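S.K.: can you look at this prediction? I've put the sequence above it.
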Amino acid sequence: WMDGVSGAGKSTLMHLIKGIIPRYIFAEVKGEFTSFGQDIILNYPKELDKKTVYIFQNPYSQMVTPRAKEELIFGMENYQFSPVKIDSESRAWSEKFRLTSLLEQKTYTLSGGQCQRLVLASSLACNPRILLFDEPTAFMDPEAKKDFYELLSWLKGKFTIIVIDHNIPKLSALCDKKITWPGAARTEVTPIPPLPSSPNLHVNCQNISFSYPGKSIFQQVDFNVGPKRIISILGENGAGKTTFFKLLSQMLKPQTGEINFFLGQERLSAKKCFYAMSIIYQNSESQFYFDTVREELSFKASQDVQDVRNVGVAGAFADLELVMKLATLMGLDNTLDRSPYMLSEGQKRRLSILIAIAQDKPLILYDEPTYGQDKENITLITRLMMALKQANRLQIMITHDRPWAQEISDEIYQLDNQKLVRL
């Protein structure tokens, strides 16, 4: 079990063990890295490649086929398993990870937790001997997490397992050895600088219903929230939480009912609704457009916010000086000239949150804001969200971390059986 601060290099070590570095990602590597006496940096053994599976921190970056069933059997087909073996293994692992009902779905329609379970099943079906797990439960609901840790207990002793995870109680009980990865932890609490205040924004959902072909998601849902609130939405993987965000952001339209945004007494048009919100996607990379972190932040703190001001829904300007102070606070100041795609997943998540703050909009939608974060950075994100609340932001988040949601939220809703119920 490897633990350590976000961005310290834990995933980089996984890349070395799997041979991704330096075969596919260029890096200067010094020293020796051997397996059974063979230097795997100079010449990565083909047999070790086949025996080692690496479950990436971001499951979206590991999906390669259009349908879930094809994804499940993709590795086995590449290793030339017999049709009979492929059939038996796919049945066994799909049942183990509760995937049977999802196999005919398009992979792009799956939730993050469903993707994570699919990648795990596909990898384990290939009968590896060395398992590399990088934050394997980050997108999973509590039931799926429970299943995974039970699986990890069952796998123990049968495989060599290296896991990166911030779930200290679970891993302390399961693992034989812990490696604390060296990194520069923050030793003092830096005050969050004052954030510009936003105008009052209210969201009003009345009697909304929505279905995908062959699957009903919501039936007659009401949801009314206002400024200076933190709202949490809980629910199992695939319940429709991200779909609900797509409805709020008008990427999708409800089949019945209305979703209205009010800025003060003014009902916003569709265009103004779009400019009134920032969305932090489950996959952080969906928000990146530029070559460097500096460009991402500079653009979001200038042109995009100016466009928002032009349609009259933004508050004060989120100036670049403030954004750079927050970048330092979030441990991103030494990454400004790097590609956002080359950051650790935890750093990507913090960057996506900072981009949302830089946009200076009255509504922020977070899809799994603490994904990939250690305890210290979860505390930092909590402080930032509380500061945004004091600056009159309405914040709505999807999370599987119920204790954290109870700590930070003004209201908590559960999405279950096509209904959104306040807890």
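M.R.: Thanks, I have it. Numbering: from 1, shown residues only.
S.K.: could you point out which element follows the least confident helix or strand in the chain by mean pLDDT?
M.R.: When each helix and strand of the chain is scored by mean pLDDT, DSSP states H and E, helix 303-310 comes last, with a mean of 48. For helix 303-310, the following helix or strand on the C-terminal side (DSSP states H and E) is helix 320-329.
S.K.: helices or strands up against that following helix?
M.R.: helix 293-300, helix 345-359 (3 or more CB pairs under 8 Å, 6 or more residues apart in numbering; DSSP states H and E). Every C-beta, even on glycine, is put in place using the N, C-alpha and C of the backbone.
S.K.: angle of that helix against helix 345-359?
M.R.: 160 degrees (axes from the mean of the first three to the mean of the last three CA atoms, to 10 degrees).
S.K.: tell me the mean pLDDT over helix 320-329?
M.R.: Per-residue pLDDT over helix 320-329 has a mean of 89.
S.K.: next, the buried residues of that helix.
M.R.: L322, V323, M324, L326, A327, L329 (16 or more other CB atoms under 10 Å).
S.K.: equivalent analysis for stretch 412-423, please.
M.R.: Buried residues in stretch 412-423 (16+ other CB under 10 Å): I412, Y413, Q414, L415, Q418, L420.
S.K.: next one, pLDDT for the fourth one please.
M.R.: According to the per-residue confidence, L415 scores 90 in pLDDT.
S.K.: for T335, the count of nearby residues, please.
M.R.: Close neighbours of T335, defined as other CB atoms under 10 Å, add up to 22.
S.K.: and it, what pLDDT?
M.R.: 92.
S.K.: what of the one 10 residues further on?
M.R.: The predicted structure scores E345 at 86 on the pLDDT scale.
S.K.: again with T12
M.R.: 85.
S.K.: wait, it touches I21, no?
M.R.: Yes. Counting by CB atoms under 8 Å, T12 does reach I21; the two are 6.9 Å apart.
S.K.: looking at those two, which is more packed in?
M.R.: More neighbours surround I21 than the other of T12 and I21, with 19 against 15 (other CB under 10 Å).
S.K.: next, the closest residue to that one other than its chain neighbours: phi, psi?
M.R.: Excluding the flanking residues, the one nearest I21 by CB to CB, 6 or more residues apart in numbering is H15, at 4.3 Å. Main-chain dihedrals, H15, degrees, to the nearest 10: phi -60, psi -40.
S.K.: and H15, what is it in contact with?
M.R.: I21, I25, Y54 (CB atoms under 8 Å, 6 or more residues apart in numbering).
S.K.: export the residues you listed as CSV, with columns for secondary structure.
M.R.: Output for the contacts of H15, formatted as CSV (DSSP: H, G, I helix; E, B strand; the rest coil):
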residue, secondary structure
I21, helix
I25, coil
Y54, strand
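S.K.: what's the lowest-pLDDT member of those?
M.R.: Among the contacts of H15, I25 has the weakest pLDDT, 83.
S.K.: so what's the residue count around it?
M.R.: I25: 11 neighbours (other CB under 10 Å).
S.K.: can you pull out the low-pLDDT segments for the stretch 251-400 of the chain?
M.R.: 300-318 (pLDDT under 70).
S.K.: anything in contact with each of T12 and I21?
M.R.: A27.
S.K.: in which helix or strand does S94 reside?
M.R.: Counting by DSSP H and E, S94 is found in helix 83-96.
S.K.: and that helix, what does it pack onto?
M.R.: Using 3+ CB pairs under 8 Å, 6+ apart, helix 83-96 sits against helix 68-78, helix 112-124.
S.K.: for stretch 169-181, measure first residue to last.
M.R.: 18 Å (CA to CA, to the nearest Å).
S.K.: on that earlier part again, go through the helices and strands packed on helix 83-96 and find the least confident stretch.
M.R.: Averaging pLDDT over each of the helices and strands packed on helix 83-96 puts helix 112-124 lowest, since it has a mean of 87.
S.K.: which strand or helix spans the residue lying closest to C273 once chain neighbours are set aside?
M.R.: Nearest non-adjacent residue to C273, counting by CB to CB, 6+ apart: F261, 4.7 Å away. For F261, the enclosing helix or strand under DSSP H and E is strand 256-263.
S.K.: please save the CA atoms from that strand in CSV.
M.R.: Taking C-alpha atoms only, strand 256-263 is exported to CSV below (Å, rounded to 0.1, in the frame of the first residue of the first chain):
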residue,chain,number,x,y,z
THR,A,256,-41.7,17.0,-18.8
GLY,A,257,-41.5,19.8,-16.4
GLU,A,258,-39.4,23.0,-16.3
ILE,A,259,-36.0,24.1,-15.1
ASN,A,260,-35.7,27.8,-14.4
PHE,A,261,-32.9,30.1,-13.3
PHE,A,262,-33.6,33.4,-11.5
LEU,A,263,-31.1,36.1,-11.0
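S.K.: partner strands of it, with direction?
M.R.: When pairing is defined by DSSP bridges, strand 256-263 lines up against strand 201-212 (antiparallel), strand 266-267 (antiparallel).
S.K.: what are the ranges of the strands in the stretch 151-300 of the chain?
M.R.: 160-164, 179-181, 201-212, 215-225, 229-234, 256-263, 266-267, 277-280 (DSSP state E, counting those that start in this stretch).
S.K.: sorry, back to before: just the helices and strands packed on helix 320-329: most buried one?
M.R.: Most buried of the helices and strands packed on helix 320-329 by mean neighbour count (mean count of other CB atoms under 10 Å) is helix 345-359; its value is a mean of 25.
S.K.: ok so, going back, right, so of the strands of the stretch 151-300 of the chain, which gets closest to T137?
M.R.: Of all the strands of the stretch 151-300 of the chain, strand 160-164 sits nearest to T137, with 9.8 Å by CB to CB.
S.K.: just for the stretch 101-250 of the chain, where's the confidence low?
M.R.: 183-188.
S.K.: count of neighbours near the residue nearest to C273?
M.R.: F261 has 23 nearby residues by other CB under 10 Å.
S.K.: any idea how far D134 is from the residue positioned nearest the centre of the chain?
M.R.: With distances taken as CA atoms, centre = their mean, Q282 lies nearest the centre of the chain, 4.2 Å away. Using CB to CB, to the nearest Å, Q282 is found at 16 Å from D134.
S.K.: that older thread, and the helices and strands packed on helix 83-96: which comes nearest Q395?
M.R.: helix 112-124 (19.5 Å).
S.K.: contacts for that closest one next, please.
M.R.: With CB under 8 Å, 6+ apart, helix 112-124 has contacts from 53, 55-56, 59-60, 62-63, 68, 71-75, 93-94, 96-99, 102, 107, 110, 131, 136-141, 144, 148, 236-238, 242, 282-283, 367-368, 400.
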